[in-house]
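Asks: Turn this into a structure:
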Amino acid sequence: MKRNYRIFGKISLLFYLLCLYQICYLSQYGGIRSHLVLLLVDLLGFLTSFIFWLLFRRKKTEDVSGDSMKKKIFWIEMMVAVIGTLYFSGRIVYSAIPYNGALSWKLDELMNQKKLSFSHNNLFKDGPEGVLTDLGEVFDLPKELYIANSFEMTFDGTGTIQTLDSFIYGKDENGEKQTYLISYDAKQNEKMTVWADGGVNASYDNDMRLEPMFRILQGADYEQSPVRYIMEPEYISQKTLDEEQAAQMAEESKDAGTWTVDRTDETMYFFLDNSRGWRLVVTGAAAGSRSYKLEKTRDGGGTWETGNTDPFEGEMGTSEGLIFFDENVGFAGITGASQSCSELYVTRDGGKTFTRIQLPMDTVTELPEIAEECGFTIADYDYYEMPEKNGDTLIVRVETEANGDSGIVFQSDDMGETWVYAGIDL
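Replies: Sure thing, here's the model as predicted:
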């Protein structure tokens, strides 16, 4: 009985620390779908072992207050629990600070993102200002609004708005700046996504006012002749334009020898040859970060099929690179807006599944000279560059940020199955 009491005490402590670790990892890196099962297993293990510990504790009759060794072990376990709680709690709090982890993005989304019903979505019936009608039902909009970059809207033949992207801002009654980043795509969601309180270079120039643009559109006869105001002199559908742009980017990518990015929609392309290619397509955007899906073509970009709906396992950011060394083995990188860290993913089945690469940082024996000058530790080296191939060897440099002066080098002789530390790169 006494032995079971001690064993379950240690098991419950172990599962408790594992639970804290899983929560800390999720707060820092996200990926709830891939780590939820582990968290639930650890939580179940903790609750089960803790309940058994309580049951055996009640049945334990021996008074161990005089046993100095058992007393020391008890206090050591208590110290481990307290230290673990403080450490992991600190990491979780740190990940909640803006730009320091997935938790910060989630909190920002909860505080600043709203999904609004878009009922005034017919340009012919409600006019272009219909979007402000729906915004005004949730936000106390400033009387004078300005356009930060552009006001892009597409609609079908019935006047129903299909897409809307804009960043508008203004001053409220107290003179405080209010911003609204608006995004809407009828194919993805019937609601309009609005991010409030974002950063913008607010100049309040008269030529950036929103109201004059609405007046011009109200006077335009787009219902009777939309061609004249969409694409002069002849109408070309947005779908056709997108297909033409994608075909052009595919041709450019075939000749590039590396990945290329279409700056109109941030799609990243890579072609292994004239027929086989892959592309990372943006599926969502929030606070400067994006989510992606991977598509594949076998006919040089004539047709594309979805290969993986979430290659980065729920992580959001900016695609850093996409490269395949043969039809099966490829790598994709993702980084944050600050480019101070990145993650690297590998596929061995042509893009159907991806796995995050974990380099053996614990085997590093030397840091670049700049590390001592700047006070860097091994923990600061968390920016993975895209791999390069030298003969049969893959090489990855790890730096403190993008375009660093020097970094740590790892290499693999089995196409990324295993990695070994290979020194520093000056």
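
Asks: where along the protein do the helices fall?
Replies: Listed in chain order, the helices of the chain (DSSP state H) span 2-29, 32-59, 68-95, 102-112, 123-126, 130-136, 210-219, 227-230, 238-256, 369-374.

Asks: how near is the residue nearest to the spatial centre of the chain to residue 103?
Replies: Compute the mean C-alpha point of the chain, and by C-alpha atoms, centre = their mean the closest residue is residue 316, 0.6 Å away. Distance of residue 316 to residue 103, given as C-beta to C-beta, to the nearest Å: 13 Å. Placement of C-beta: from N, CA and C, glycine included.

Asks: which stretches of the stretch 1-150 of the chain have low pLDDT?
Replies: In the predicted model, the stretch 1-150 of the chain carries pLDDT under 70 at residues 1-5, 57-67, 70, 99.

Asks: For the residue nearest to the centre of the chain, which non-adjacent residue is spatially closest?
Replies: Closest residue to residue 316 in three dimensions, ignoring its sequence neighbours and counting by C-beta to C-beta, 6 or more residues apart in numbering: residue 289, at 4.0 Å.

Asks: domains in this structure, as residue ranges please.
Replies: According to the domain assignment given by automatic domain parsing, the chain is divided into the following structural domains: 2-95, 110-230, 237-357, 358-426.

Asks: which one of the ones you listed is the most hemmed in?
Replies: Across those, the average number of neighbours (mean count of other C-beta atoms under 10 Å) peaks for domain 237-357, which reaches a mean of 18.

Asks: tell me the average confidence for it?
Replies: Average pLDDT, domain 237-357: 89.

Asks: got it, and stretch 366-376?
Replies: Averaged over stretch 366-376, pLDDT sits at 87.

Asks: Show the end-to-end separation of it, please.
Replies: According to C-alpha to C-alpha, to the nearest Å, stretch 366-376 extends 12 Å from its N-terminal end residue to its C-terminal end residue.

Asks: got it, and stretch 107-124?
Replies: Start-to-end span of stretch 107-124 (C-alpha to C-alpha) is 38 Å.

Asks: got the contact list for it?
Replies: The contact list for stretch 107-124 (C-beta atoms under 8 Å, 6 or more residues apart in numbering) reads 96, 98, 126, 130-131, 133-135, 137-138, 153, 155, 158-161, 184, 186, 189-198, 222-223, 286-287.

Asks: how does it look with 6 Å?
Replies: In this structure, residues lying in contact with stretch 107-124 by C-beta atoms under 6 Å, 6 or more residues apart in numbering are 96, 126, 130, 133-134, 138, 155, 159-161, 191-197, 223, 287.

Asks: likewise stretch 274-289?
Replies: 108, 254, 266-271, 290-298, 300, 316-317, 319, 322, 337, 351.

Asks: swap the cut-off to 7 Å and go again
Replies: Taking contacts as C-beta atoms under 7 Å, 6 or more residues apart in numbering, the residues outside stretch 274-289 that touch it are 105, 108-109, 113, 183, 195, 250, 253-254, 265-271, 290-301, 316-317, 319, 322, 324, 327, 330, 332, 337, 351.

Asks: Kindly report the same for stretch 189-198.
Replies: Counting contacts by C-beta under 7 Å, 6+ apart, the residues outside stretch 189-198 that touch it are 112-118, 134-135, 139, 179-184, 287.

Asks: what separates residue 274 from residue 12, distance-wise?
Replies: 60 Å.

Asks: what's the answer for residue 68, then?
Replies: In this view, residue 68 and residue 12 are 23 Å apart by C-beta to C-beta.

Asks: Equivalent analysis for residue 52, please.
Replies: Distance from residue 52 to residue 12, by C-beta to C-beta: 8 Å.

Asks: repeat for residue 290
Replies: 41 Å.

Asks: How far does stretch 360-374 sit from its chain's centre?
Replies: Mean-position distance between stretch 360-374 and its chain equals 28 Å (C-alpha atoms, centre = their mean, to the nearest Å).

Asks: Give me the contacts around that stretch.
Replies: Against stretch 360-374 from outside (C-beta under 7 Å, 6+ apart): 376, 378, 405-408, 419, 421, 423-424.

Asks: From those residues, which one has the minimum pLDDT?
Replies: Scanning these for pLDDT, the low point is residue 405. It has 73.

Asks: which residues touch that residue?
Replies: With C-beta under 7 Å, 6+ apart as the criterion, the residues that contact residue 405 are residue 370.

Asks: ok, it to residue 374 distance?
Replies: Applying C-beta to C-beta, one obtains 10 Å for the distance of residue 405 from residue 374.

Asks: With adjacent residues omitted, what lies nearest to residue 327?
Replies: Across the structure, with C-beta to C-beta, 6+ apart as the measure, the residue nearest residue 327 apart from its sequence neighbours is residue 350 (5.8 Å).
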